[in-house]
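Peer 1: Sequence and computational prediction follow.
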Amino acid sequence: MTHRNSLCPCNWKECNDYSYDPGDPWDGVFRVRPLGTQKNDELRRVVEHHLRISQQVRSQRPEYHVRCHHWNRKLIMELLKPDPSNGAQKKLSSPITADVAKRYNITDQIDRCRIKGNTVQYMASPNNPEYVVKEWLQSENSKKKC
């Protein structure tokens, strides 16, 4: 996860206005690299689809800095939790298993990973609707006022 001031390429009008406490799973951005490796290509394809990134933006920006709130909070926490055996974190571009995908409502055909393998896997798609982010922020702000 990166902290950049780059504008998120999504189509939400207020995306870059939403703010979170430091260390919050939604604080910061995920860097979606240019095409090149199978994993990056798959992640980029899913991000461009779900965030409805225009052809103009796709051609002008080889790399995206996508705000973390486009992904499910619990999925981010699960992906960023270090592996107990080696302390490594999973990468957003690593495919996830079907059972993990189902828990986070990542079941669309577009989300299926096209990298060859023995099992069906999915990409961690940024499928969080904006109203979920707004409601969570309103809830957090009302907690802080109490």
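Peer 2: Yep, it's here.

Peer 1: Any regions of this protein where pLDDT drops low?
Peer 2: By pLDDT under 70, the weakly predicted segments of the chain are 1-6, 116, 146.

Peer 1: max-length helix in it?
Peer 2: Across the chain, the longest stretch assigned as helix under DSSP state H is helix 130-145.

Peer 1: Tell me which residues of it come out buried.
Peer 2: Glu130, Val133, Trp136 (16 or more other Cβ atoms under 10 Å). For the C-beta atoms, the positions are set from N, CA and C on the backbone; glycine is no exception.

Peer 1: For that helix, what is the distance to the chain centroid?
Peer 2: 19 Å (Cα atoms, centre = their mean, to the nearest Å).

Peer 1: With stretch 7-19 instead?
Peer 2: On Cα atoms, centre = their mean, the centre of stretch 7-19 falls 13 Å from that of its chain.

Peer 1: quick one: Lys81 from Glu42, how far?
Peer 2: 22 Å (Cβ to Cβ, to the nearest Å).
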